[in-house]
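Asks: got a predicted model here, sequence first, then my questions.
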Amino acid sequence: MKKWILALGIIAGIGISKSNWAQRPNQKIKIGTIAPEIALPNPDGDTIKLSEVNKKAYVIVDFWASWCGPCRRANPTLVELMQKVEGVKLKDAKNGIQVYSVSLDRNKDAWLKGKETDNLFWNNHVSDLKFWDSEAAADWGVTYIPQVFLINPEGEVIGHYANIHALKNDIEKLLKENNKKRKK
């Protein structure tokens, strides 16, 4: 009996330490820094650079994977948000708000099925299919997913989120500020 209690205690301790590890702050990307370049292939094999998407747009950089339950549960909120802002022109970002989705999948079919099933309708989907060995994940300090960043049109990181709802709040603030600027 004592062995079982000890074993359960060890397992619980491992679960707690992994949980804390997974939610630790990103050590590489700080608010106010210039976003590192990402240049990865889309499903057709064409390379899409983050810097190209970022021209005259705010960009949501979304690290996710088809096998990630929390990512998949967050996707409907991101889809709803993007439907709301689709085509909206911002005073300082003529191309509005774009999404650059970086998949940490290793299986292309699973990635594409997740994208289709979750109705991720935007154009900028990339993956090197290297799972946690993705260069983009390493360059951005991504050690858990989902992780979402917001970049302004100058390429500066202005938001970092482990929760899509916090991003939604910041996007809504951005839209309100834009409306105030337009009225002046």
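Replies: Okay, I see it. Numbering: from 1, shown residues only.

Asks: please name the residues that touch the residue nearest in space to the middle of the chain.
Replies: Residue closest to the average C-alpha location in the chain (C-alpha atoms, centre = their mean): residue 62, at 1.6 Å. Contact analysis of residue 62 by C-beta atoms under 8 Å, 6 or more residues apart in numbering lists 78, 99-102, 146, 148. Any C-beta I mention is one placed from the backbone N, CA and C, and that applies to glycine too.

Asks: which ones among the residues you listed are found in helices?
Replies: residue 78 (DSSP state H).

Asks: if any of the contacts of residue 62 are buried, give me the PyMOL selection for them.
Replies: Buried residues within the contacts of residue 62, by 16 or more other C-beta atoms under 10 Å, are selected in PyMOL with:
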select buried, resi 78+99+100+101+102+146+148
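
Asks: look up which residues are beta-bridged to residue 41.
Replies: Applying DSSP bridges to residue 41 gives these bridge partners: residue 47.

Asks: quick one, what contacts it?
Replies: Counting by C-beta under 8 Å, 6+ apart, residue 41 makes contact with 47-48, 126-128.

Asks: drop anything exposed from those residues.
Replies: 48, 126-128.

Asks: which of these lies closest to residue 152?
Replies: Within the buried ones among the contacts of residue 41, proximity to residue 152 (C-beta to C-beta) peaks at residue 48, which comes in at 19.2 Å.

Asks: gap between that closest one and residue 176?
Replies: 30 Å (C-beta to C-beta, to the nearest Å).

Asks: what does residue 99 give?
Replies: Taken as C-beta to C-beta, the span from residue 99 to residue 176 is 20 Å.

Asks: if I've got this straight, residue 44 is in a strand?
Replies: No - if the criterion is DSSP: H, G, I helix; E, B strand; the rest coil, then residue 44 is coil and not within a strand.

Asks: show me where this protein has strands.
Replies: Remark: strands assigned in the chain by DSSP state E are 39-41, 47-49, 58-64, 97-103, 124-126, 147-151, 157-161.

Asks: export those to a markdown table and tack on distance to residue 168?
Replies: Converted to a markdown table, the strands of the chain look like this (distance: least, C-beta to C-beta, whole Å):
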| stretch | distance to residue 168 |
| --- | --- |
| strand 39-41 | 25 |
| strand 47-49 | 24 |
| strand 58-64 | 10 |
| strand 97-103 | 12 |
| strand 124-126 | 19 |
| strand 147-151 | 10 |
| strand 157-161 | 9 |
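
Asks: bridging residues for residue 148?
Replies: With DSSP bridges as the criterion, residue 148 is bridged to residue 62, residue 161.

Asks: would you agree it is in contact with residue 168?
Replies: No - in this structure residue 148 lies outside contact range of residue 168 using C-beta atoms under 8 Å: 10.1 Å.

Asks: nearest to residue 57 among the buried ones among the contacts of residue 41?
Replies: Of all the buried ones among the contacts of residue 41, residue 48 has the smallest distance to residue 57: 13.3 Å, by C-beta to C-beta.
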